[in-house]
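Novice: the amino acid sequence is not available; the structure is as follows:
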């Protein structure tokens, strides 16, 4: 129960990596707010129910993270309901892929708005709450923890996905800059950089034997990751065992950032 008595918000938690992190956090003792962008709440409700069925506590909360007023309302609800927040996982993200010369401004802007601006807005509100509340040494060593879901594409260029890769590169500098600024207040900020993980956002890359075989050429460890891989690391990075880690991206990618094409001389 390494997250016992902590209140956590996981954005984009109605499916994929976010849902996996929410379930793991609840299993480790946290009360979890499962954010979804609005509209039908069926998927978020299913995550909340799975957590409750396993003996945990969770609540669904709607907010489009790219909208300042909705983010502020979400944080106000959490503080009103639970008194404070201890952990933020910035996980909400999307892709709108196109060749660079064909990419519309709307495609560029939507990905930047959700993937990068959304993480800024949520991080800012979390930091404000951590500073307002101050340390709670009986709950956690850190005053607060912010964890970003980034990607191997914060360092690996990705043709045909310029908006997505740019958003992840931006997350790297957002994470490092805020970690530097907030460290004196004992607020830790880190990122996880997933490689290929089996989630709904990339089903076509692994859903058939042929597609998975092609994908594995990019992964020296010779398997595609699953959400449980990321969830376990996220829980550890947010607990007291990782208290001396801040300003770091931990890549969890089966070796994708080792550039396997160079294993035979390039």
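Specialist: Arrived safely, thanks for sending. Remember, predicted model here, so these are calculated numbers, not experimental data.

Novice: show me what the longest strand seen in the chain is packed against.
Specialist: Counting by DSSP state E, the longest strand found in the chain is strand 187-194. Packing contacts for strand 187-194, counted by 3 or more Cβ pairs under 8 Å, 6 or more residues apart in numbering; DSSP states H and E, involve helix 118-133, strand 144-149, helix 162-182, helix 227-237, strand 249-252. C-beta: built from backbone N, CA, C; applies to glycine.

Novice: export these to CSV and append columns for mean pLDDT.
Specialist: Formatted as CSV, those follow (pLDDT from 0 to 100):
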stretch, mean pLDDT
helix 118-133, 98
strand 144-149, 98
helix 162-182, 98
helix 227-237, 98
strand 249-252, 98
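
Novice: so of the ones you listed, which one's packed in deepest?
Specialist: Most buried of the helices and strands packed on strand 187-194 by mean neighbour count (mean count of other Cβ atoms under 10 Å) is strand 144-149; its value is a mean of 28.

Novice: contacts for the lowest-mean-pLDDT helix or strand in the chain, please.
Specialist: Lowest by mean pLDDT, DSSP states H and E among the helices and strands of the chain is helix 209-216, with a mean of 91. Residues from elsewhere that reach helix 209-216 (Cβ atoms under 8 Å, 6 or more residues apart in numbering): 196, 204, 205, 206, 222, 223, 224.

Novice: once you drop chain neighbours, what's closest to residue 178?
Specialist: residue 189 (5.0 Å; Cβ to Cβ, 6 or more residues apart in numbering).

Novice: next up, the contacts around that neighbour.
Specialist: Applying Cβ under 8 Å, 6+ apart, the residues near residue 189 are 123, 145, 146, 147, 148, 175, 178, 179, 182, 246, 247.

Novice: how far off centre is the least confident helix or strand of the chain?
Specialist: Put simply, helix 209-216 sits 25 Å off its chain's centre (Cα atoms, centre = their mean, to the nearest Å).

Novice: also stretch 205-225?
Specialist: With Cα atoms, centre = their mean, you get 23 Å for stretch 205-225.

Novice: burial measure for residue 50, as a count.
Specialist: The number of residues packed around residue 50, counting by other Cβ atoms under 10 Å, is 16.

Novice: hmm, it is touching residue 23, no?
Specialist: Yes - counting by Cβ atoms under 8 Å, residue 50 touches residue 23, with 6.3 Å between them.

Novice: the helix or strand that contains residue 78 versus helix 118-133: what angle between them?
Specialist: In this structure, residue 78 sits in helix 68-82 according to DSSP states H and E. Interaxial angle, helix 68-82 versus helix 118-133 (axes from the mean of the first three to the mean of the last three Cα atoms, to 10 degrees): 40 degrees.

Novice: and the next helix or strand after helix 68-82, which strands flank it?
Specialist: Later in the chain than helix 68-82, the nearest helix or strand by DSSP H and E is strand 87-90. Sheet pairing here is set by DSSP bridges, and for strand 87-90 it gives strand 7-10 (parallel), strand 144-149 (parallel).

Novice: measure residue 151 to residue 130 for me?
Specialist: According to Cβ to Cβ, to the nearest Å, residue 151 and residue 130 sit 25 Å apart.

Novice: what's the answer for residue 254, then?
Specialist: Separation of residue 254 from residue 130 (Cβ to Cβ) stands at 33 Å.

Novice: hang on, the earlier thing: now do the residue nearest to residue 178, the pLDDT please.
Specialist: Listed pLDDT for residue 189 reads 99.

Novice: show me what it is bridged to.
Specialist: Counting by DSSP bridges, residue 189 is bridged to residue 146.

Novice: any idea which helix or strand carries residue 109?
Specialist: Residue 109 belongs to helix 105-112, assigned by DSSP H and E.

Novice: packing partners of that helix?
Specialist: Judged by 3+ Cβ pairs under 8 Å, 6+ apart, helix 105-112 is in contact with helix 162-182.
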